[in-house]
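Colleague: Mind looking at a prediction? Sequence and model below.
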Amino acid sequence: MSDSMTFSRRSGLSYLDSVRLRAGEDRCRAVFRDILRRNPRRAAAMLNDRLLSFPCLYILRGQAMDARVYKLLSLRDKIALRTIEQVKKPGEKAKCGREKSDPAHSALKWVFVTGSANEIPEDDYEEVIDKAAAALLITYKDKDILKGTADLIFRRGREGRNNHDLIWLLFQVRDAEVLKLIAQRLRSPDRCDADLACELLNLDEKGLDYGKSGEELHSAFIRWLEENDPYLYFTDESFQYSSKPAFSAVDMERKYLHKGLRTYEKEPLVPEDDDEAGCLEVFRQLGDGEQRALSEYSHSIHADGAGYWRRWLHLPPEEQLRAAAAGREVYL
Amino acid sequence: MILINGSPLDVSLIAGEYPENSVQRRVLEQMSISPEKYRYGDTDQLRFELDMRNEIVNAARALSRSGLRFAVFRRSAVNPDYWDRTDNGGFRLKRGVKASEAIKDIYKNGQKYATECATAMVIVYYGAILRMLPEETFNSFFRSVYLMNWHRLDPLLREVGTPARAADIMPGDRGYFRNPDVDPETPELQGENVIVLPRGVFYGHGIGIATSGSIIRFLNENRREGAERSAYFMDTAARPDFMKLYGTFRNTGERAAARSA
């Protein structure tokens, strides 16, 4: 092993990556071409290097498809190359299993983890990364990459690149963790990050104060999330549908009747008895603002005692609203 | 029900102004039998909306014939004589180019352009307004144009980006077919934006003019493995703020008339 190869391994890089990052993509291709010409087996071993990053395989994909090398490639590399091919030739669908033990899972994870950290500014490259993210998050339900996906969304946003598909994908996971990851960006000193976070969390709709500092806004949102988590659901809205999509929402009926769910799906509320059906019927006739006021008040007083809550729930709606506006002391 | 200045309108008074089966006539009839109250200050406001809806339908039909190709934003394409393609796949009006010329070029040389379904809807609205206004007036309103789904819409068109539940879905409305179990590797097929046309058909970019059943079938063919939910037409509609457009364009027309007098 040459000195430069030893150095690159010590720095945690594969030899080819160190050439690419130090001398550029063209030089990396030239070096690899030379190795391939002299010793195809060695060339394949370099691509199979566990330290190799996906961007390196991507720029060398033409030579990697050389039959002398391809037959010696690892399954990881072959799956990654196949994913690139699917992007280049749309219409060919990926065939992957659903288990994390599937070799495609670890290969796609390698593509995403090493590939998203260092994106090559090419449309096809971005699409490969997005396809890997889609398969990992939806097919394999691998939430390890949630943070990496959120990072990528904000990075692309800062750079003026398209992040709408990735945003849609992230919300498809239907997990409150996604909202927490986005909320972290409210504290970002980068205005672009903070604005995008506000937009994705629909903070204006939630009535959270825009005048607060990023830190205060973050704390306010986390408190809001803790309160509303049992009633939260994801809507399927996206930037394809609306200029102001509500990616997630609170089920006011469930919050009003204190009937939270474990899932983040919108599931119709079926009353358990006539009493509950009556309360719900009245509630459904109210406007959005009134429903919000009652559901918030209902949540707040339920924590203090079911007795008062139940008495309040059976008041006529105008009295419920009056109590909600005045605070609970009125009826205690 | 149509209310003019608070009073119910006898639609027969203005229905005769429009040919049988015209978009205007259909919308007028739909509004008049609806339990929803459609309020206007005067009949000119109503006529403006009817004509604008007609032009939205005409623009949608024209765009479907233009050869405009379907492509995800990454592969979007423009005629560089008129538009700059932005890094996120949007179209930005080229400096020194008139908006009217650039919009007309999309309709004339559609094969030189490629984009997703939402952007095509915005192109329809610009096309419709261009049919309603003299070019000079159009260009005075739209000195800069940016086309990229519902992002950064011109203030005059802001409302087309925010669908809301609608009592009536009428020709000229923007509707949406949602595909909840779409294959995550084809996010562009998560849904289809459409312009509602008369006779139960829709214009969706990439699909063309089709029935609801055909659009749903197409979306269902692009679902993930094991999908259980069908694509469906949502009960929401987006439409321009016709009153705002009427007020803006009328004021401009009056100013222009005053200048020329």
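Modeller: Arrived safely, thanks for sending.
Colleague: In space, what's closest to whichever residue of the stretch 101-250 of chain A sits closest to chain B - neighbours in sequence excluded?
Modeller: Residue of the stretch 101-250 of chain A nearest chain B, by C-beta to the nearest C-beta: A:Ser243 (3.0 Å). Every residue, glycine included, has its C-beta placed from N, CA and C. Leaving aside its chain neighbours, A:Ser243 sits nearest to B:Gly161 (3.0 Å; criterion: C-beta to C-beta, 6 or more residues apart in numbering or on different chains).
Colleague: before we move on, what about B:Asp154?
Modeller: Of all residues not flanking B:Asp154 in the chain, B:Phe142 sits nearest, at 6.5 Å (C-beta to C-beta, 6+ apart).
Colleague: The one you found: what's it in contact with?
Modeller: Applying C-beta atoms under 8 Å, 6 or more residues apart in numbering or on different chains to B:Phe142 gives the contacts B:Ala99, B:Tyr126, B:Asp154.
Colleague: Need phi/psi at the first one.
Modeller: Here the main-chain torsion angles of B:Ala99 (degrees, to the nearest 10) amount to phi -60, psi -40.
Colleague: roughly how far out does the helix or strand that contains A:Glu215 sit from the chain middle?
Modeller: Assigning secondary structure by DSSP states H and E places A:Glu215 in helix A:214-228. How far helix A:214-228 lies from its chain's middle: 19 Å, per C-alpha atoms, centre = their mean, to the nearest Å.
Colleague: after it comes which helix or strand?
Modeller: strand A:232-234.
Colleague: So which other helices or strands are in contact with that next one?
Modeller: When contacts are defined as 3 or more C-beta pairs under 8 Å, 6 or more residues apart in numbering or on different chains; DSSP states H and E, strand A:232-234 packs onto strand A:248-250.
Colleague: Mind checking what helix or strand follows the strand it packs on in sequence?
Modeller: Downstream of strand A:248-250, the first helix or strand assigned by DSSP H and E is helix A:252-256.
Colleague: ok, is the following helix or strand past that next one in contact with chain B or not?
Modeller: Taking DSSP H and E as the definition, the helix or strand that follows helix A:252-256 towards the C-terminus is helix A:274-284. No - Helix A:274-284 lies out of reach of chain B by C-beta under 8 Å from any C-beta of the partner chain, never closer than 14.4 Å.
Colleague: which parts of the stretch 51-200 of chain B sit against chain A?
Modeller: With C-beta under 8 Å from any C-beta as the criterion, the stretch 51-200 of chain B meets chain A at residues B:72-75, B:86-89, B:116-118, B:149-151, B:153, B:158, B:161-163, B:176, B:178, B:180, B:183-185, B:187-188, B:190-191, B:193.
Colleague: So which of these belong to helices?
Modeller: Members of those lying in helices (criterion: DSSP state H): B:Cys117, B:Ala118.
Colleague: Would you list the buried entries among the residues of the stretch 51-200 of chain B next to chain A?
Modeller: Among those, those scoring as buried are B:72-75, B:86, B:88-89, B:116-118, B:149-151, B:153, B:158, B:161, B:163, B:176, B:178, B:180, B:183-185, B:187-188, B:190-191, B:193 (criterion: 16 or more other C-beta atoms under 10 Å in any protein chain shown).
Colleague: Quick check: pLDDT value at residue 67.
Modeller: In the absence of a named chain, chain A is used. As summarised for this prediction, A:Ala67 has a pLDDT of 92.
Colleague: not what I meant, chain B
Modeller: Looking at B:Gly67, the pLDDT reads 97.
Colleague: And A:Val178, by the same measure?
Modeller: As predicted, A:Val178 sits at a pLDDT of 98.
Colleague: number of nearby residues for the nearest residue to it once chain neighbours are set aside?
Modeller: The shortest distance from A:Val178 to any non-neighbouring residue, by C-beta to C-beta, 6+ apart, is to A:Leu170 (5.5 Å). A:Leu170 has 23 neighbouring residues, counting by other C-beta atoms under 10 Å in any protein chain shown.
Colleague: SS state for A:Leu170?
Modeller: helix (DSSP: H, G, I helix; E, B strand; the rest coil).
Colleague: separation between it and B:Pro180?
Modeller: Separation of A:Leu170 from B:Pro180 (C-beta to C-beta, to the nearest Å): 16 Å.
Colleague: again with A:Phe283
Modeller: As judged by C-beta to C-beta, A:Phe283 and B:Pro180 stand 27 Å apart.
Colleague: And A:Leu315, by the same measure?
Modeller: Taking C-beta to C-beta, one finds A:Leu315 at 39 Å from B:Pro180.
Colleague: With B:Tyr125 instead?
Modeller: Relative to B:Pro180, B:Tyr125 is positioned 27 Å away (C-beta to C-beta).
Colleague: so B:Val182 makes contact with B:Gln190?
Modeller: Yes - contact status for B:Val182 versus B:Gln190: in contact at 4.8 Å, counting by C-beta atoms under 8 Å.
Colleague: Helices of chain B, start to end?
Modeller: B:12-15, B:23-33, B:43-65, B:99-108, B:117-132, B:135-141, B:212-220, B:242-260.
Colleague: which of the ones you listed is buried the deepest?
Modeller: Highest mean neighbour count among those (mean count of other C-beta atoms under 10 Å in any protein chain shown): helix B:117-132, with a mean of 24.
Colleague: quick one: that helix to helix B:99-108, angle?
Modeller: In terms of direction (axes from the mean of the first three to the mean of the last three C-alpha atoms, to 10 degrees), helix B:117-132 departs from helix B:99-108 by 120 degrees.
Colleague: Which strands or helices does helix B:117-132 pack on?
Modeller: Counting contacts by 3+ C-beta pairs under 8 Å, 6+ apart, helix B:117-132 packs against helix B:43-65, helix B:99-108, helix B:135-141, strand B:146-147, strand B:191-196.
Colleague: Output these in TSV; the columns should cover distance to B:Arg223.
Modeller: Converted to TSV, those look like this (distance: least, C-beta to C-beta, whole Å):
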stretch	distance to B:Arg223
helix B:43-65	25
helix B:99-108	31
helix B:135-141	41
strand B:146-147	29
strand B:191-196	12
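Colleague: Test my guess that B:Arg223 contacts B:Thr186.
Modeller: No - the pair B:Arg223 / B:Thr186 is not scored as a contact, 9.5 Å apart, by C-beta under 8 Å.
Colleague: Please report the distance of B:Arg199 from chain A.
Modeller: 25 Å (C-beta to the nearest C-beta, to the nearest Å).
Colleague: can you list the residues of the stretch 101-250 of chain A near chain B?
Modeller: A:123-124, A:126-127, A:130-131, A:134-135, A:137-139, A:159-165, A:168-169, A:172, A:236, A:238-244.
Colleague: I only care about the residues you listed that end up buried; give me the PyMOL line for that.
Modeller: In PyMOL, a selection of the buried entries from those looks like this (16+ other C-beta under 10 Å):
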select buried, chain A and resi 123+126+127+130+131+134+135+137+138+139+161+162+163+164+165+168+169+172+236+238+239+240+241+242+243+244
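Colleague: Isn't B:Val97 up against B:Pro80?
Modeller: No - contact criterion C-beta under 8 Å: B:Val97 and B:Pro80 do not qualify, at 10.6 Å.
Colleague: Neighbour count: these two, which is higher?
Modeller: B:Val97 (15 against 10).
Colleague: what sits against that one?
Modeller: B:Asp81, B:Tyr82, B:Trp83.
Colleague: Please identify which of the residues you listed is nearest to chain A.
Modeller: Of all the contacts of B:Val97, chain A sits closest to B:Trp83, with 16.6 Å by C-beta to the nearest C-beta.
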